[in-house]
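Colleague: mind folding the following:
(chains A and B, ligands or ions: 2)
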Amino acid sequence: MDWFWKFPAMNEDSFLLLKKTIDESFRGFTRGYGDAIESFFSPLQTFLIAVERLLIATPWPVIVLIVAALAWGASRSLKVVAGCAAALLFIGYFGMWEDTMKTISMIFVCTVLSIIIGLPTGILMSRSNGVRSVVNPLLDIMQTMPSFVYLIPVVMLLGIGRVPGVIAVVIYALPPMIRLTDLGIRMVDRDVLEAADAFGSSSWQKLKDVQLPLALPTIMAGINQTIMMALAMVVIASMIGVQGLGQPVLKAIANQYFTLGIFNGLAIVGIAIIFDRISQSFGLRLQKHREVAHG
Amino acid sequence: MASSSIEIRNLYKIFGSRGKDYVKAVADGMSKTELNAEHGHVLGLKDINITIPGGQITVIMGLSGSGKSTLIRHINRLIDPTSGEIIYDGADICRMSEEELRQFRRKRTAMVFQKFGLLPHRNVLQNAAYGLEIQGVAKGEREERARRWINRVGLEGFDAKYPNQLSGGMQQRVGLARALANDAEILLMDEAYSALDPLIRVDMQTVLLELQKELKKTVVFITHDLDEALRLGDKIAILRDGEIVQQGRAEDIVMNPANDYIESFVKEVNRGRAIRVGAVAQPLTGGEAGPSIDADHSVEDALKVMLSASADRLTVMGPDARPVGTVTRDQLLHIIVM
Ligand SMILES: Nc1ncnc2c1ncn2[C@@H]1O[C@H](COP(=O)(O)OP(=O)(O)OP(=O)(O)O)[C@@H](O)[C@H]1O
Ligand SMILES: [Mg+2]
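Modeller: Numbering: from 1, shown residues only, chains lettered A, B, ... in the order given. Ligands and ions are numbered 1, 2, ... in the order given. A predicted model of the protein is given here:
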């Protein structure tokens, strides 16, 4: 009855062997393909650095103006514009301008990447239940796996630096983009789709004239979620060498610098609010004519 | 435009994964209820045979669930048949390839929907131009053509409005403009007016009848309202549980209902308005007698003319203004009260 009280676990030697074999083979893979993978990602590195340089090199008043213009374009509300500008000015006044620009450039690249990967994946998912049943569990894993765990293979493959940071962030921030694209397309009114069919739309015409435009508010909500999740990863990503607002926070944790931690934390909150308000109010404006009308 | 007719032959539709297997059983008399209870399949249409004449309005009438939507969606094959054929202009629509079907839908059919099916993110003009855009007509031309039809259906000045800024009746005008802008021979209207309130509905019927006088399209119009059917239909087919129980002119249906089911509908109809004098005129015996009246006027109109002219006989004039027959007061009164 021994097995009843104590779980009959795998014998320790075989478990050790199993771990060793997997570790060894992954190391082998890293040695064999590490360079190839690194050079595969080198355009990403170039892009990242270019965006970062551009943001840092741009004079601060220009950045503030651009953000204000974006806020106005998206929301047509002076309150949102004033809020966004004020947040940036505070950040600059407390000496966190450069770190903030680094973080913004990183978030920008991660978001662009998530859209490039997420939009087509979401579209494919919405068209085929087969794809959906494969992608969905993958997304569940991506969302629930503690991020430190998948940092391990990423760092083993690519070392420490910006690119592994971006990859880690994208893995974490991608799922809502895919899920909401899929959802948005599936929610498109059947009557409108039938009309598109009746007038002889090809499936590409249906996608671009009907499905994507009608799903756009939901897709925008996905982009908004992706940005927020990417921001939440900034501190963790700084552990593997991503520069920006995460680094001082990390230093503050290690040395118990309360004020430094709070200030940088607030700066992250500040850009989160800026991104959120701009993308949400844009989504809302898209929604304007889309509610189904009365009969 | 010499418009050809649509010939539907032995059309069956059985919903369910193995519909084909049950066609024979249904043909041999299995009922809709039996099919559903014993095999879990739904009988949509059973052995439909009908000629939809070119250039006329054919109304398909029936209660909810009788298969009207299923039938009309076979004509542009939004629904694939289980068996049977639909011949239009020498080709079987049921056998068209994807590409042929797409071209057929683009160029030769247009559809108006009960729930309008407008694109909510586009304004009236862009909606009306949608069919043309799908065909690849250049922007300038398609907007000009769309604008013409928007004006024709009485929406002048609403180009830039969005569907959710319009009332139901106006939205359906947009739906109609979108369909007409396509300039297709076949116009499919699935309960196009059922969502509208009664006054607007009569209004829209008038719009359709007036346009049809000039356009002479092959219109298939679905309704569950007999008055609407009688007002619009050059030909009427009545569906019940997926079968056509009677087809013919309005007068055939009103005066000779095929069974009790149809009779129970027809009882409530205002026969004086539903029946046109042309349909009941007796052959001319002698020369012309009394005042004249056009063949497409109703019996009621004819009686009014008789009253005001205190005549008891009228000469019925055909479309080319030649006398085609005659009606008497007794005969018309008989029709109304019988
Ligand atoms: N996709 C489908 N799968 C299974 N059954 C269906 C399907 N579409 C329609 N049916 C069934 O076919 C029958 C005819 O439906 P249809 O929609 O053609 O009726 P209708 O005459 O248009 O009714 P209504 O006036 O309510 O629009 C109904 O019994 C319906 O339940
Ligand atoms: Mg219907």
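
Colleague: residues in contact with residue 217?
Modeller: Chain wasn't specified; assuming chain A. When contacts are counted by Cβ atoms under 8 Å, 6 or more residues apart in numbering or on different chains, A:P217 is found next to A:G184, A:G283, A:L284, A:L286, A:Q287, A:R290. All C-beta spots, glycine's among them, are computed from the backbone N, C-alpha and C.

Colleague: chain B, not that one
Modeller: By Cβ under 8 Å, 6+ apart, the contact set of B:K217 is B:S3, B:G55, B:A184, B:E185, B:I186, B:L187.

Colleague: that one and B:L180, how far apart?
Modeller: Per Cβ to Cβ, to the nearest Å, B:K217 is found 9 Å from B:L180.

Colleague: what touches both of those two?
Modeller: With Cβ under 8 Å, 6+ apart as the test, B:K217 and B:L180 both reach B:L187.

Colleague: just to revisit the earlier point, make JSON lines from the contacts of A:P217 and add secondary structure and neighbour count to it.
Modeller: Below are the contacts of A:P217 laid out as JSON lines (DSSP: H, G, I helix; E, B strand; the rest coil; neighbours: other Cβ atoms under 10 Å in any protein chain shown):
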{"residue": "A:G184", "secondary structure": "helix", "neighbour count": "23"}
{"residue": "A:G283", "secondary structure": "helix", "neighbour count": "19"}
{"residue": "A:L284", "secondary structure": "helix", "neighbour count": "13"}
{"residue": "A:L286", "secondary structure": "helix", "neighbour count": "17"}
{"residue": "A:Q287", "secondary structure": "helix", "neighbour count": "15"}
{"residue": "A:R290", "secondary structure": "coil", "neighbour count": "18"}
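
Colleague: turn those into TSV, including distance to A:D197 and pLDDT.
Modeller: Formatted as TSV, the entries for the contacts of A:P217 read as follows, by distance: Cβ to Cβ, whole Å; pLDDT from 0 to 100:
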residue	distance to A:D197	pLDDT
A:G184	19	95
A:G283	28	83
A:L284	30	83
A:L286	24	79
A:Q287	25	77
A:R290	20	67
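
Colleague: would you check which pair of the residues you listed lies furthest apart?
Modeller: The largest separation in the contacts of A:P217, counting by Cβ to Cβ, is between A:G184 and A:L284 at 15.0 Å.

Colleague: just for the chain, where's the confidence low?
Modeller: Looking at chain A here, since you left the chain open. Counting by pLDDT under 70, chain A shows low-confidence ranges at A:290-295.

Colleague: please refer instead to chain B.
Modeller: In chain B the weaker segments, taking pLDDT under 70 as the threshold, are B:1-2, B:287-288.

Colleague: how does it divide into domains?
Modeller: For chain B, the structural domains run B:52-269, B:274-337, going by automatic domain parsing.

Colleague: pick the most buried one from those domains.
Modeller: Neighbour counts averaged per stretch over those are highest for domain B:52-269, at a mean of 19; criterion: mean count of other Cβ atoms under 10 Å in any protein chain shown.

Colleague: does it reach ligand 1?
Modeller: Yes. With Cβ under 6 Å from any ligand atom as the measure, domain B:52-269 is seen reaching ligand 1 through B:G62, B:S64, B:G65, B:S66, B:G67, B:K68, B:S69, B:T70, B:H224.

Colleague: what strand or helix carries the second one?
Modeller: Looking back up the chat, that one is B:S64. For B:S64, there is no helix or strand it lies in under DSSP states H and E.

Colleague: ok, it touching B:I222?
Modeller: No. Proximity of B:S64 to B:I222 does not meet the contact threshold set by Cβ atoms under 8 Å, at 11.5 Å.

Colleague: other residues contacting stretch B:315-327?
Modeller: Counting contacts by Cβ under 8 Å, 6+ apart, the residues outside stretch B:315-327 that touch it are B:277-278, B:280-285, B:288-295, B:302, B:313-314.

Colleague: between the two ends of that stretch, how far is it?
Modeller: Using Cα to Cα, to the nearest Å, the end-to-end distance of stretch B:315-327 comes out at 7 Å.

Colleague: determine how far it lies from the middle of the whole chain.
Modeller: Distance of stretch B:315-327 from the chain centroid (Cα atoms, centre = their mean, to the nearest Å) equals 26 Å.
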